[in-house]
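> sequence? don't have it. structure:
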Ligand SMILES: CSCCC(=O)C(=O)COP(=O)(O)O
Ligand SMILES: [Mg+2]
């Protein structure tokens, strides 16, 4: 097999469409969260994460202070239907998914090439990190219970829209580089299925690889000048 080769200090990976099928997020995880949002908000009104998320939903949607949980949930469901990856939605989903993984309701499944490749890179001393719209809490929970066991030990850092910023803005990738300890931008390799995310990472000086996986939403997208592969098996990574 002809493999693209990169020698880097860090590998940063997106989740949905890159290492986990989109259906694993939009069907499995969203369907788990959808009916639980209202009960979770009502059961945890004093949790600062919940209170901040609800306040943010109200402000974003222009709802009054007096808006009911049902009003807030209607907004959240609308965002899920539109796949708007709004931070307060992601925070609430993350809490619910944390509960689901901890109680055995959820088990993550990745594309077949992913776990062997990540284990190989990790064993070769290549540090791995995640940058996803999913909250850091949700990310860590999702790696703790998978069909391949607990994978949390593979990743040294997790970034989301709270601690890094929006995925389509170059400044978020600069913030991540700082969080990784300040490696030169051209020593970081980012994997994503979304061309706009790759554009932002490239603007920050990172190397990029697009995942055009068969059957996924961005399979036929225009990846411009980014390296494009169909699976992680097509990429070779070594520590600089
Ligand atoms: C348990 S992580 C769920 C990921 C998620 O909620 C999501 O929206 C995925 O977005 P990504 O940025 O990884 O494409
Ligand atoms: Mg993605």
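Cool, the structure landed. The structure displayed is predicted, hence computed values, not measured ones. Ligands and ions are numbered 1, 2, ... in the order given.

> I'd like the distance between residue 116 and residue 188.
Taking Cβ to Cβ, to the nearest Å as the measure, residue 116 and residue 188 are separated by 22 Å. Quick note: C-beta positions are derived from backbone N, CA and C, even for glycine.

> so the two - more neighbours on which side?
Taking other Cβ atoms under 10 Å, residue 116 and residue 188 do not tie; residue 188 has more neighbours (25 against 13).

> who's in contact with the more buried one?
Under the criterion of Cβ atoms under 8 Å, 6 or more residues apart in numbering, the neighbours of residue 188 are 8, 9, 10, 11, 12, 173, 176, 177, 180, 206, 207.

> which one (most neighbours) among the residues you listed?
The member of the contacts of residue 188 surrounded by the most neighbours (other Cβ under 10 Å) is residue 173, with 27 neighbours in all.

> what domains does the record give for the chain?
4-20+108-239, 27-102 (automatic domain parsing).

> in TSV: those domains, plus distance to ligand 2 and mean pLDDT.
Formatted as TSV, the domains of the chain follow (distance: least, Cβ to the ion, whole Å; pLDDT from 0 to 100):
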stretch	distance to ligand 2	mean pLDDT
domain 4-20+108-239	4	98
domain 27-102	9	97
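
> does whichever residue of the chain sits closest to ligand 1 sit in a helix, a strand or a coil?
Closest approach of the chain to ligand 1 (Cβ to the nearest ligand atom) occurs at residue 134, with a separation of 2.7 Å. Reducing the assignment at residue 134 to three states with DSSP: H, G, I helix; E, B strand; the rest coil gives coil.

> tally of neighbours for it?
When neighbours are counted by other Cβ under 10 Å, residue 134 registers 26.

> what are the boundaries of the helices in the chain?
For the chain, the helices defined by DSSP state H occupy 22-23, 30-33, 37-43, 48-61, 69-81, 87-102, 114-123, 136-144, 170-179, 195-203.

> farthest residue from the center of this structure?
Ranking residues of the chain by C-alpha distance from their mean position (Cα atoms, centre = their mean) puts residue 66 at the top, at 32.7 Å.

> surely residue 105 and residue 32 touch.
Yes. With contacts counted by Cβ atoms under 8 Å, residue 105 reaches residue 32, the gap being 6.7 Å.

> compare the two and say which is more crowded by neighbours.
Neighbours were tallied for residue 105 and for residue 32 using other Cβ under 10 Å; the higher tally belongs to residue 32 (17 against 12).

> list the contacts for the more buried one?
Applying Cβ under 8 Å, 6+ apart, one finds that residue 32 lies in contact with 96, 97, 100, 105, 106.

> again, only this time at 10 Å
For residue 32, the contacting residues are 93, 96, 97, 99, 100, 101, 105, 106, by Cβ atoms under 10 Å, 6 or more residues apart in numbering.

> same question for residue 186.
Shown here is residue 186, whose contacts under the criterion Cβ under 10 Å, 6+ apart are 8, 9, 205, 206, 207, 240.

> nearest to residue 168, of those?
Among the contacts of residue 186, residue 206 lies closest to residue 168 (Cβ to Cβ), at 13.8 Å.

> not counting its neighbours along the chain, what's nearest the residue most central in space within the chain?
Per Cα atoms, centre = their mean, the C-alpha nearest to the average position across the chain is that of residue 132, at 2.1 Å. For residue 132, ignoring the flanking residues on the chain, the nearest one in space by Cβ to Cβ, 6 or more residues apart in numbering is residue 15 at 4.1 Å.
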